[in-house]
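Chemist: any chance you can model this:
(chains A and B)
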Protein chains: 2
Amino acid sequence: MPKGQPNVVPEDGLTTRQRRNRPLVMVHTGVGKGKSTAAFGMALRAWNQGWPVGVFQFVKSAKWKVGEENALKVLGATGEGGRVDWHKMGEGWSWIQREPAAGEPSHEEKAREGWEQVKRDLAAETYRFYVLDEFAYLLHWGWVDVDEVVAVLRDRPGTQHVVITGRNAPEKLVEYADLVTDMSKVKHPMDAGQKGQRGIEW
Amino acid sequence: MPKGQPNVVPEDGLTTRQRRNRPLVMVHTGVGKGKSTAAFGMALRAWNQGWPVGVFQFVKSAKWKVGEENALKVLGATGEGGRVDWHKMGEGWSWIQREPAAGEPSHEEKAREGWEQVKRDLAAETYRFYVLDEFAYLLHWGWVDVDEVVAVLRDRPGTQHVVITGRNAPEKLVEYADLVTDMSKVKHPMDAGQKGQRGIEW
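Modeler: Now for the predicted structure:
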């Protein structure tokens, strides 16, 4: 609950308004819960501002995040806030029209296709708020080059906020990002033998 | 991204189904961002399950959490998921009909009024998912007794999930809770002189 009072005033030659509206790159990393969930919670604020929201889910999951997906799609469709586009790697990415060919691309190729689309959308300023969900894994695995990601983010035009989630966010990304939160696990029900359950885990 | 596989199987005499549907108490604490945001993100899943959701905001804020509040109220009103009730301490709590008297109750008294209502709602099973936002502060300040809170949570009937947010969650609550995440600040824009901005902080 920061009170909106900066600790220092930077000597960057910017006005308060320029500084206030500076586009942010945010990273939610760590082994605890809440990395993606907090990103989707932030998307509620973006939606409420009327901003177009783009979600890119980079790691295929058996259960995906159906609760958040349904909720954000319903919100996007009300017309009371921004629109919401939800793209999933495991379903071939929504901008790819063709059926997957016989030699279907690997996970790594599909992940890179997603990143190429993010680059196109950043260049076109398609969204004002991006959730790159589980994207940190791709950087950690070396599937996408972290230097390229930092360069693309640094050069992005306009006012586009980007949240990147996932364990093991590389140090170069952490250095570049404006806000980094580490979600640490203090205690988790699975440690006590509790299985995931609906309404909680998905 | 836990894969749903428990690390150990407890010797508690419960079936997997009983264990799976066990009501949870979750705590988001620490000095970093995302404690409340992740709780509201979880509320999206609860809404998507059709569960009634009760939000209690325990600490008065100049900006509240208007983005999340508007989004969850819009979702609740669609009828496509669960209903959402949003209660704020600073606006006199929604269940109190009367105008505040001349000798308006203190923050501490208002906070305790909120807790009394949570107790009534838990007893009546009014909601299936509760967000007690910033409630950990009240426990830390001693406004509400942590032993009483743990006893009430332990004895709550039915399947009611409760998320408590706020810094400095007392050890007794952490010990009792099923899931505890500590949000640590790695880097925050305010450290670099960045002020809070719309769509991001609220």
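Chemist: just how off-centre is the longest helix anywhere in chain A within its chain?
Modeler: If you go by DSSP state H, chain A has its longest helix at helix A:107-124. Mean-position distance between helix A:107-124 and its chain equals 13 Å (C-alpha atoms, centre = their mean, to the nearest Å).
Chemist: which SSE is immediately downstream of it?
Modeler: Of the helices and strands lying after helix A:107-124 in sequence (DSSP states H and E), the nearest is strand A:129-133.
Chemist: may I have that following strand as PDB, with CA atoms only?
Modeler: These are the backbone C-alpha positions of strand A:129-133, laid out as PDB (Å, rounded to 0.1, in the frame of the first residue of the first chain):
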ATOM      1  CA  PHE A 129      -1.700  -3.200 -21.300                       C
ATOM      2  CA  TYR A 130       0.000  -6.500 -22.100                       C
ATOM      3  CA  VAL A 131       0.200  -9.600 -19.900                       C
ATOM      4  CA  LEU A 132       3.000 -11.900 -21.200                       C
ATOM      5  CA  ASP A 133       2.000 -14.800 -19.000                       C
END
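Chemist: for that strand, packing partners?
Modeler: Where contact means 3 or more C-beta pairs under 8 Å, 6 or more residues apart in numbering or on different chains; DSSP states H and E, strand A:129-133 is packed against helix A:35-48, strand A:53-57, helix A:107-124, strand A:161-165. Every residue, glycine included, has its C-beta placed from N, CA and C.
Chemist: could you export these as JSON lines, including distance to chain B, mean pLDDT and mean neighbour count?
Modeler: As requested, the helices and strands packed on strand A:129-133 are exported to JSON lines (distance: least, C-beta to the nearest C-beta, whole Å; pLDDT from 0 to 100; neighbours: other C-beta atoms under 10 Å in any protein chain shown):
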{"stretch": "helix A:35-48", "distance to chain B": "3", "mean pLDDT": "95", "mean neighbour count": "27"}
{"stretch": "strand A:53-57", "distance to chain B": "10", "mean pLDDT": "97", "mean neighbour count": "26"}
{"stretch": "helix A:107-124", "distance to chain B": "15", "mean pLDDT": "95", "mean neighbour count": "17"}
{"stretch": "strand A:161-165", "distance to chain B": "7", "mean pLDDT": "98", "mean neighbour count": "27"}
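Chemist: want to throw the ones you listed into a markdown table with distance to residue B:51?
Modeler: A markdown table is the format used below for these (distance: least, C-beta to C-beta, whole Å):
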| stretch | distance to residue B:51 |
| --- | --- |
| helix A:35-48 | 16 |
| strand A:53-57 | 23 |
| helix A:107-124 | 32 |
| strand A:161-165 | 25 |
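Chemist: give me the sheet partners of the biggest strand by length in chain A and which way each runs.
Modeler: Assignment by DSSP state E gives strand A:179-187 as the longest strand of chain A. Pairing partners of strand A:179-187, with direction, according to DSSP bridges: strand A:25-29 (parallel), strand B:179-187 (antiparallel).
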